[in-house]
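**Student:** sequence and predicted structure below; questions after.
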Amino acid sequence: MSNRIALVTGGTGGIGTAICRKLSQMGHRVATNYRDEAKAKKWQQEQAAAGFQFTIVAGDVGDADSSITMVKAVEAALGPVDILINNAGITRDTTFHKMDAMQWQEVINTNLTSCYNVTRAVIDGMRARKWGRVIQISSINGQKGQYGQANYAAAKAGMHGFTISLAQESAKLGITVNTVSPGYVGTDMVMAVPEEVRAKIVAQIPVGRLGSPDEIAYAVGFFVAEEAAWITGANLSINGGHYMGW
Ligand code: CAA
């Protein structure tokens with residue numbers, strides 16, 4: 001069945017936009033959240049000009065009350081959420097010995113506590129309807145660690161711990177829970193890494209280039225599909241061969 005309702009957090013970003021478009025192309029109705037209304041409205045208009053209709057709602061995924069309000073707004077606009085993509089994320093890169101408590105906390109809140117805040121607001125409905133898809137967008141750096149990212153790697157590794165626990169609790173209820181772990185994709189977040197540092201990172205990617213947002217969205221579509229009902233608790237690495245741990 002297509003035409004389900006999807007919430008993609010951080011949908012206005014690089015990977016988020018590609019995920020919103022992929023789910024829309026699969027026939028689902030898609031909403032995302034924003035913190036900056038003007039930026040989100042501009043994004044919404046650009047997407048509409050490209051033929052994509054997306055619902056935007058205010059919400060800070062790092063804040064529990066705001067997340068509840070955000071989910072209620074999606075439900076009011078579209079209906080109950082069947083598909084949740086926990087995609088919103090930030091970086092505050094710095095070596096750990098220089099990291100202040102704010103840099104730690106902001107990343108943990110936005111990247112990891114958000115999984116509690118938003119998933120908690122949709123899980124009861126999924127359980128009652130006996131269908132759901134919850135996908136965490138984690139990172140290669142949650143799998144291998146990264147110089148300058150103790151906060152980010154801790155949050156991203158935590159996301160998969162969340163996945164494999166919720167997957168067990170949800171398995172009998174038609175809800176699958178999976179993680180997608182992208183490597184370095186050509187988004188604003190990666191382009192913010194200093195050029196000489198980035199060049200060294202790209203040199204470590206066997207495929208020889210950054211990934212594209214569509215290459216991540218493809219995997220999200222795979223997990224969302226009805227046919228993926230037996231895939232749960234997985235962590236799919238998509239990184240051009242940069243990290244091949246198993
Ligand atoms: N391994 C070993 N040494 C390293 C290193 C590494 N990977 N990276 C940097 N260093 C060294 C430098 O060579 C330098 O050495 P010298 O002092 O001897 O010259 C030293 O570390 C710099 O250390 P500082 O404490 O001065 O570091 P800094 O405060 O300047 O911070 C940094 C540097 C912010 C970590 C910077 O190197 C950086 O931005 N690195 C990239 C981090 C990164 O990959 N972020 C990913 C963002 S994209 C994303 O997160 C999406 C995703 O999921 C993949």
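**Tutor:** The structure has been received and is ready for your questions. Numbering: from 1, shown residues only.
**Student:** neighbouring strands for the strand ranked longest in the chain, and are they parallel or not?
**Tutor:** Criterion DSSP state E: the longest strand present in the chain is strand 175-182. Here strand 175-182 has these sheet partners by DSSP bridges: strand 132-137 (parallel), strand 235-238 (parallel).
**Student:** what's the most buried one of the ones you listed?
**Tutor:** Mean neighbours per residue, mean count of other C-beta atoms under 10 Å, is largest over the strands paired with strand 175-182 for strand 132-137, with a mean of 26. Where C-beta positions appear, they are placed from N, C-alpha and C, glycine not excepted.
**Student:** so that one, near the ligand or not?
**Tutor:** No. Strand 132-137 lies out of reach of the ligand by C-beta under 6 Å from any ligand atom, never closer than 8.9 Å.
**Student:** returning to what we had before: make a markdown table out of the strands paired with strand 175-182 and add mean pLDDT and distance to Val180.
**Tutor:** A markdown table is the format used below for the strands paired with strand 175-182 (pLDDT from 0 to 100; distance: least, C-beta to C-beta, whole Å):
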| stretch | mean pLDDT | distance to Val180 |
| --- | --- | --- |
| strand 132-137 | 98 | 6 |
| strand 235-238 | 98 | 5 |
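**Student:** redo these as CSV? Include distance to Glu37.
**Tutor:** Formatted as CSV, the strands paired with strand 175-182 follow (distance: least, C-beta to C-beta, whole Å):
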stretch, distance to Glu37
strand 132-137, 23
strand 235-238, 32
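**Student:** would you mind listing the residues in contact with Ser170?
**Tutor:** 123, 126-127, 132, 134, 176-177, 232 (C-beta atoms under 8 Å, 6 or more residues apart in numbering).
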